[in-house]
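Participant: Compute the structure for the input listed below.
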Amino acid sequence: MSENTSNPINPQQSAAAKFLNWAAIAFLVYLVLVAVSTVSGGFKLASGGSEGAKEIFAFATNPFVALLLGALATALVQSSSTVTSVIVGLVAGGLPINIAIPMIMGANIGTTITNTLVSIGHIRSKEEFKRAFEASTVHDFFNLIAVAIFLPLELAFGILQKLSQSLAHLFVGDADLSLKSYNFIKPLVKPAVGVVKDGLAFFDGKMLGVAMVVVGIAMILFAVTTLGKLLQKALVGTAKEMLHRAIGKGPLAGITSGAVVTVMVQSSSTTTSLMIPLAGSGVFSTKQIYPFTLGANIGTTITALLAATSITGAAAEVALTIALVHVMFNVFAVALIYGTPFLRDLPLRAASKLAEVGSNNKSLALGYVLGAFFVIPGVMMIVAR
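Facilitator: Prediction:
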């Protein structure tokens, strides 16, 4: 009698393996959140925090320089939420709104660097890197097109400012409502970030900030590389279908889910960064993730609104005005660009072309990150002044 040498799968072992796989994914997602917060905190220490940002913003003498400053400051701080909150405070302190509006638009451009950096975690695999880089840079091109359309219109007609001022005047009576306690992500990752910071205690001052940035980036690279592999195993069958219903079902579902998740975590950088491993591993295409990214653009405006609620007195209305400008800019940009077939496809085409070039020559991809977010804005700002 012959024996069956095959080893049947033990259901209990299979269930245990699935549980461990999902537990590892949950840990790596948490690690990404911690890493992004570590990088953000490190940049704040290295650049002098909000006081340093205020000194940088003092150079804003015209809308074009203000736009570049918004982009550069956000790229350095790795958080449009931080920058827009500072801008709200500066407007409340007397910064002209016509200077603050280009800063807000620049912050939208600068915030896309985080998910582009996360895509670098897939650089060892050409195909994975191409998919991840394309999914990350579609955000870049969308925001660039949005600024190219709305900044000239705003300088000529002041549409966003006028509409936001009218709404702020209607709602300023409720501006003392504070929802800051809604942010549960910050207290969730704060202990882990503290452990990283304590582990680097032999550094101090700005060097501590630099060390945190380096460690944070290393954590991101490790997390996204491992996460991509685990997601390929986990996101099959029912789990994959559930995720597709939330993101891949259609544009409206994608935009809504992107906005909701970003409101919950109060960081578009975090939301979009968590999507990059999904693109890199081939779970979703750039076209499917694209609407989710646009929803993140809308959801991130919650932070400036929350910052505005902390302003009281005579400055409350003007603070709420600039926060509403952020909301209107992102909502109108999504409606116009994504609602117009020709404009809708431009970010996808540009990202696809750049990803093809970057995957064939990875030094050009790295050059794009450094040049687009740091070198070009810095040089142009100096020239403009």
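
Participant: where in the stretch 251-385 of the chain is pLDDT low?
Facilitator: Across the stretch 251-385 of the chain, residues meeting the criterion (pLDDT under 70) sit at 264-267, 310-314, 384-385.

Participant: the helices in it, which residues?
Facilitator: Along the stretch 251-385 of the chain, the segments classed as helices by DSSP state H, counting those that start in this stretch run 251-265, 268-280, 286-299, 302-309, 316-333, 339, 341-360, 362-370, 376-384.

Participant: tell me which residues in the last one are buried?
Facilitator: Read that as helix 376-384. Counting neighbours by 16 or more other CB atoms under 10 Å, one finds that the buried residues in helix 376-384 are 377, 380-381. Every residue, glycine included, has its C-beta placed from N, CA and C.

Participant: List the contacts of that helix.
Facilitator: Under the criterion CB atoms under 8 Å, 6 or more residues apart in numbering, residues 59, 62, 64-65, 68-69, 71-72, 75 lie in contact with helix 376-384.

Participant: The longest helix along the chain packs against which elements?
Facilitator: Of all the segments assigned as helix in the chain under DSSP state H, the longest by residue count is helix 11-47. Secondary-structure packing of helix 11-47 (3 or more CB pairs under 8 Å, 6 or more residues apart in numbering; DSSP states H and E): helix 49-57, helix 63-77, helix 113-119, helix 185-199, helix 205-234, helix 268-280.

Participant: Those: which one's closest to Lys287?
Facilitator: With CB to CB, the closest approach to Lys287 among the helices and strands packed on helix 11-47 belongs to helix 268-280: 10.2 Å.

Participant: Now the spatially most central residue of the chain. Nearest residue, chain neighbours left out?
Facilitator: Residue closest to the average C-alpha location in the chain (CA atoms, centre = their mean): Ser269, at 1.9 Å. Spatial nearest neighbour of Ser269, excluding adjacent residues (CB to CB, 6 or more residues apart in numbering): Thr114 at 3.7 Å.

Participant: likewise Ile25?
Facilitator: Spatial nearest neighbour of Ile25, excluding adjacent residues (CB to CB, 6+ apart): Leu230 at 5.1 Å.

Participant: Need the contact partners of stretch 328-345.
Facilitator: Applying CB under 8 Å, 6+ apart, the contact partners of stretch 328-345 are 101, 104-105, 108, 142-143, 145-146, 149-150, 160, 163-164, 251, 255, 291, 294, 297-298, 300-301, 346-347.

Participant: Which positions in it come out as buried?
Facilitator: Buried, per 16+ other CB under 10 Å, within stretch 328-345: 328-330, 332-334, 337-338, 343-344.

Participant: export the residues you listed to TSV and tack on distance to Val138?
Facilitator: Shown next, in TSV, are these (distance: CB to CB, whole Å):
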residue	distance to Val138
Met328	22
Phe329	18
Asn330	16
Phe332	19
Ala333	14
Val334	13
Ile337	12
Tyr338	12
Leu343	13
Arg344	11
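
Participant: Show the contacting residues for the residue nearest to Ile25.
Facilitator: Leu230 makes contacts with 21, 24-25, 28, as judged by CB under 8 Å, 6+ apart.

Participant: Please apply the same query to Ile123.
Facilitator: 129, 362, 365.

Participant: Hmm, the last one is touching Gly371, no?
Facilitator: Spelled out, it's Ala365. No: because the distance of 10.7 Å does not satisfy CB atoms under 8 Å, Ala365 is recorded as not touching Gly371.

Participant: Of the two, give the one with the bigger neighbour count.
Facilitator: Here Ala365 and Gly371 are compared on neighbour count by other CB atoms under 10 Å; more neighbours surround Ala365, at 22 against 13.

Participant: how close does the more buried one get to Ile123?
Facilitator: Ala365 sits 8 Å away from Ile123 when distances are taken as CB to CB, to the nearest Å.

Participant: next one: Trp22
Facilitator: The spacing between Trp22 and Ile123, counted by CB to CB, is 26 Å.

Participant: Output the buried residues of helix 376-384 in a markdown table, with distance to Ser14 appended to each entry.
Facilitator: Putting the buried residues of helix 376-384 into a markdown table (distance: CB to CB, whole Å) gives the following:
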| residue | distance to Ser14 |
| --- | --- |
| Pro377 | 51 |
| Met380 | 57 |
| Met381 | 57 |
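
Participant: coming back round to it: tell me the most buried of the helices of the stretch 251-385 of the chain?
Facilitator: Burial of these is given as mean neighbour count (mean count of other CB atoms under 10 Å); helix 268-280 ranks first at a mean of 28.

Participant: So which elements touch that one?
Facilitator: With 3+ CB pairs under 8 Å, 6+ apart as the test, helix 268-280 has helix 11-47, helix 80-92, helix 113-119, helix 126-157, helix 205-234, helix 251-265, helix 286-299 packed against it.

Participant: Could you check the angle that helix makes with helix 63-77?
Facilitator: Helix 268-280 and helix 63-77 meet at an angle of 70 degrees, taking axes from the mean of the first three to the mean of the last three CA atoms, to 10 degrees as the criterion.
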